[in-house]
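# have a look at this fold, sequence not included:
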């Protein structure tokens, strides 16, 4: 490092690649990042406050809109929390349907992430390929629930729609489609030389740092931290699956480094795991009711009599989603606390950015899958004496680096 | 869309997308509209990286208090003639977040909006249709015939 004065590089806040438009402040020396600072809160919508004024059933549809990508994970954790507090038993069939919808969501989310990550390193062919592949699972979710993004499948004590007849056939077809395609997808994602050169040993989060910073989900697993709520605190149909375990890069015989490549490995393997879980659920789904009490009014009346608190934990595509709800003889909960996985992972950006090149900022940002909505579109920076770099320029830098690598091959 | 609408399609239309506190659902549907299944780029509709290149400003989300100033600033950076398109129910009417303290209100309370695409989230087809309607209006504006 030279003794030159460093400068501050700002990115955001209207940076649509994130769930929350985040503002970053990087301390930069030449091409290298020395330190990163994060400013959040631009999409604060006061959902926890609003949910205190809605009844238990209405809240499900509100919480679905916390995130448009994990739109089953949040209602799932909420329903589990309320069921935990009120001791409602969910029918076995409903548990399996919940698992299937949750895994389909994981499938679409990981494919979405693969595309966006490819876009961030300037590999647009892969971006279009994965998003084209992803449309199949969106079709399947539309057949099941009638909507592409917000499925409204869950209710307290079960699910709202059954998977039978044509719908079951559509799910089976989707499973077949992805298991046929998997080896091809794995080959592109894991063996492409230019992608490996961009991602290996970039944005490293070591095992100790992951442990210390409480990383969750694929970000933690890529660092060798085998934690997965599905295996550790199993709910829904997960306890019935004997082979379910947290996936780490060890599963492909690779020592976990905690770089971006390891995160790709974990997510690609989880695509296969999700397909296998859906197939298991379709084959072993028990019969019977799909909801404990179909009438919403009765459910609310039942919950009115409860004075308790409950915790719901669920492994969303990005990591652990946990909800804490307090019921106090009212038709609305008196407290709803939401903890999203990105909230845990966001601080792990800081060690990842340390020492990184500026051209690697976009891929490091998206490597933890920060509830990515969209790719880079905007950037403007305010303030005196601070350097302004648009995100478009950054992406150009990123693409130039990719071209350089390709030429060098 | 009217059959004779296609006479308006004279040049490519560039859109700039800004997230004003959206939940990501509309954002991924906008991206889905650009990817091979729907492929809006075959019509010349393209997302650009800066508001200064854009004809249409596509806004998703609810306009939170913290981001309000930034959205207005981006709006001012788009060159005239420009159009604003709001995608998603929450930008149109605050949608599901009605009682929230963090909302600065619907988008059209702060900047003029020309096209509304309702839905939570709207399908990619609806988004492409909305852009096409914006296109018609833009051509009218350029002719100096803003009566629509």
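That came through fine. Fair warning: this is a prediction, and the values are worked out from it, not measured in the lab. Residues are numbered from 1 along each chain as shown, chains lettered A, B, ... in the order given.
# quick one: contacts for the closest residue to residue A:234 other than its chain neighbours?
Nearest non-adjacent residue to residue A:234, counting by Cβ to Cβ, 6 or more residues apart in numbering or on different chains: residue A:244, 7.5 Å away. Where you see a C-beta, it was placed from the backbone N, CA and C, and this is true even at glycine. For residue A:244, the contact set (Cβ atoms under 8 Å, 6 or more residues apart in numbering or on different chains) comprises A:230, A:231, A:234, A:238, A:273, A:277.
# wait, doesn't the first one sit right on residue A:240?
What it means is residue A:230. No: applying Cβ atoms under 8 Å as the test, residue A:230 and residue A:240 come out as separate, 11.7 Å apart.
# more neighbours: these two, which one.
When residue A:230 and residue A:240 are compared for neighbours, residue A:230 comes out ahead with 25 against 16, by other Cβ atoms under 10 Å in any protein chain shown.
# what does stretch A:25-37 contact?
Outside stretch A:25-37, the residues that touch it by Cβ under 8 Å, 6+ apart are A:1-2, A:4, A:6-11, A:24, A:38-39, A:349-350, A:353-359, A:361.
# and the strands in chain B?
All strands of chain B, identified by DSSP state E, fall at B:13-19, B:45-47, B:56-60, B:83-87, B:115-117.
# chain A is nearest to which of those strands?
Smallest distance to chain A across the strands of chain B (Cβ to the nearest Cβ): 4.1 Å, for strand B:13-19.
# what lines up beside the closest one in the sheet?
strand B:45-47 (parallel), strand B:56-60 (parallel) (DSSP bridges).
# in it, what counts as buried?
B:13, B:15, B:16, B:17, B:18, B:19 (16 or more other Cβ atoms under 10 Å in any protein chain shown).
# for the fourth one, which non-adjacent residue is closest in space?
Excluding its sequence neighbours, the residue lying closest to residue B:17 (Cβ to Cβ, 6+ apart) is residue B:58, at 4.5 Å.
# for the closest residue to chain B within chain A, helix, strand, or coil?
Relative to chain B, the nearest point of chain A is residue A:68 (2.5 Å; Cβ to the nearest Cβ). For residue A:68, the assignment made with DSSP: H, G, I helix; E, B strand; the rest coil gives coil.
# re the thing from before, of the strands of chain B, which is nearest residue A:79?
strand B:56-60 (27.1 Å; Cβ to Cβ).
# what angle separates the closest one from strand B:83-87?
20 degrees (axes from the mean of the first three to the mean of the last three Cα atoms, to 10 degrees).
# tell me the buried residues in the host helix or strand of residue A:116?
Element membership for residue A:116 (DSSP states H and E) is helix A:92-120. For helix A:92-120, the neighbour count (16+ other Cβ under 10 Å) marks A:93-120 as buried.
# what do you get for stretch A:402-409?
A:402, A:405.
# for residue A:297, what are its contacts?
Residue A:297 touches nothing, counting by Cβ under 8 Å, 6+ apart.
# distance of it relative to residue A:274?
Distance, residue A:297 to residue A:274, using Cβ to Cβ, to the nearest Å: 36 Å.
# how about the strands of chain B in a markdown table, adding mean pLDDT?
Shown next, in a markdown table, are these (pLDDT from 0 to 100):
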| stretch | mean pLDDT |
| --- | --- |
| strand B:13-19 | 87 |
| strand B:45-47 | 84 |
| strand B:56-60 | 89 |
| strand B:83-87 | 91 |
| strand B:115-117 | 92 |
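# just the helices in chain B please.
Ranges of helices in chain B, per DSSP state H, are B:25-34, B:68-77, B:89-93, B:124-142.
# in a markdown table, list these along with mean neighbour count and mean pLDDT.
Listed next are the helices of chain B as a markdown table, based on neighbours: other Cβ atoms under 10 Å in any protein chain shown; pLDDT from 0 to 100:
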| stretch | mean neighbour count | mean pLDDT |
| --- | --- | --- |
| helix B:25-34 | 27 | 87 |
| helix B:68-77 | 17 | 88 |
| helix B:89-93 | 22 | 88 |
| helix B:124-142 | 19 | 84 |
